[in-house]
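Participant: here is a sequence together with a model predicted from it:
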Amino acid sequence: QVQLVESGGGLVQPGGSLRLSCAASGSIFSAYVMGWYRQAPEKQRELVALITSDGNINYVDSVKGRFTISGDYANKMVYLQMNSLKAEDTAVYYCNMDLKAFRYGIRRIYWGLGTQVTVSS
């Protein structure tokens, strides 16, 4: 069974930095897309950043220039370096991976349980 576990969230002051990590475990044949989403209170979950297995990267406009996503496809890990954090970045951050568990299986989307990021003075 595939599981995604996030770490690195916490409380940080405006202008500070955090680095989120996500590790996938279990039976995994191949990963295709890895990314981060976030959900603030009373808001819909939104895509923050994603990285494909061939290196394409996308960011939501609000984090461009401040956040950097990186991925280790060999070890099924994805990271999100967050700099110049703002109060509006406060949310639960979820790891997301598009994986195939078995060679002849189907691709599925997997989610972590989330890690809280709070930006406050």
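Facilitator: All right, it came through fine. Quantities reported herein were computed from a predicted structural model and do not represent experimental measurements.

Participant: every contact and neighbour count from this point should use C-alpha atoms.
Facilitator: OK.

Participant: strands of the chain, start to end?
Facilitator: For the chain, the strands defined by DSSP state E occupy 3-7, 10-12, 18-25, 30-39, 46-52, 57-59, 67-72, 77-82, 91-100, 107-111, 115-119.

Participant: against residue 68, how distant is the residue nearest to residue 94 when sequence neighbours are not counted?
Facilitator: Using Cα to Cα, 6 or more residues apart in numbering and skipping the chain neighbours, the partner closest in space to residue 94 is residue 114 (4.4 Å). Noted for residue 114: a distance of 18 Å to residue 68, by Cα to Cα, to the nearest Å.

Participant: who's more crowded, these two?
Facilitator: Neighbour count, other Cα atoms under 10 Å: between residue 114 and residue 68, residue 114 has more, with 22 against 18.

Participant: please name the bridge partners of the most centrally placed residue in the chain.
Facilitator: Per Cα atoms, centre = their mean, the C-alpha nearest to the average position across the chain is that of residue 36, at 2.5 Å. For residue 36, the beta-bridge assignment (DSSP bridges) gives partners residue 49, residue 95.

Participant: can you verify my assumption that it contacts residue 51?
Facilitator: No. At 9.2 Å, residue 36 does not count as touching residue 51 under the criterion of Cα atoms under 8 Å.

Participant: kindly provide the distance from the residue nearest to residue 22 when sequence neighbours are not counted to residue 102.
Facilitator: Using Cα to Cα, 6+ apart and skipping residues adjacent in sequence, the residue nearest residue 22 is residue 6, 4.3 Å away. With the distance defined as Cα to Cα, residue 6 ends up 23 Å from residue 102.

Participant: and the closest residue to residue 8 other than its chain neighbours, how far is that from residue 101?
Facilitator: Nearest residue to residue 8 in three dimensions, chain neighbours excluded: residue 20, at 4.5 Å (Cα to Cα, 6+ apart). If you measure residue 20 against residue 101 using Cα to Cα, the figure is 24 Å.
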